[in-house]
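S.K.: Quick one, fold the following:
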Amino acid sequence: MSVRSVLRLRMSSHDAHYGGGLVDGARMLGLFGDVATELCILHDGDEGLFRAYDSVEFLAPVHAGDFIEAEGEITEVGRTSRKMRFEARKVRSRSRSSSAGRPGPAWCRSTSSG
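M.R.: All right, here's what the predicted structure looks like:
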């Protein structure tokens, strides 16, 4: 049984920390943390403690006004640990939609141990 979680939200001007409305990559990691919490609740019935990201790739910039979909799944279950995979994709750009609301290519991806 695969446990998955998806969050969709709009990056606001409060998320932008750099010129041109660029959103800090740490915001994507925060979304992954929220997805990880939901995955632990769905799988274990309680929040888990997130130990580490094994890898993180920032593949494209995110701007204020972009709609982002953050998705995660549990890929491996140990006695006291969980491995997870995360991806964040742009669903809609601040200037135009991408594929009529369907997610585009990954903007950030990560794997984790916890």
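
S.K.: what about the strands in the protein?
M.R.: Along the chain, the segments classed as strands by DSSP state E run 4-10, 16-18, 22-23, 52-58, 67-77, 82-92, 106-113.

S.K.: by how many degrees do the lowest-mean-pLDDT helix or strand in the chain and strand 82-92 diverge?
M.R.: Sorting the helices and strands of the chain by mean pLDDT, DSSP states H and E puts strand 106-113 at the bottom, at a mean of 82. Inter-element angle recorded for strand 106-113 and strand 82-92: 170 degrees (by axes from the mean of the first three to the mean of the last three CA atoms, to 10 degrees).

S.K.: Okay, L29 and G72: tell me how far apart.
M.R.: 12 Å (CB to CB, to the nearest Å). Heads up, the C-betas are built off the backbone N, CA and C, glycines and all.

S.K.: Run through the residues that contact the residue located most distally from the centre of the chain.
M.R.: In the chain, counting by CA atoms, centre = their mean, R79 sits farthest out from the average C-alpha position, at 25.0 Å. Residues near R79 by CB atoms under 8 Å, 6 or more residues apart in numbering: none.

S.K.: Now do the contacts for the nearest residue to A70 once chain neighbours are set aside.
M.R.: Distances taken as CB to CB, 6 or more residues apart in numbering place L31 nearest to A70, at 4.0 Å, with adjacent residues excluded. Going by CB under 8 Å, 6+ apart, L31 touches 7, 9, 68, 70, 88.
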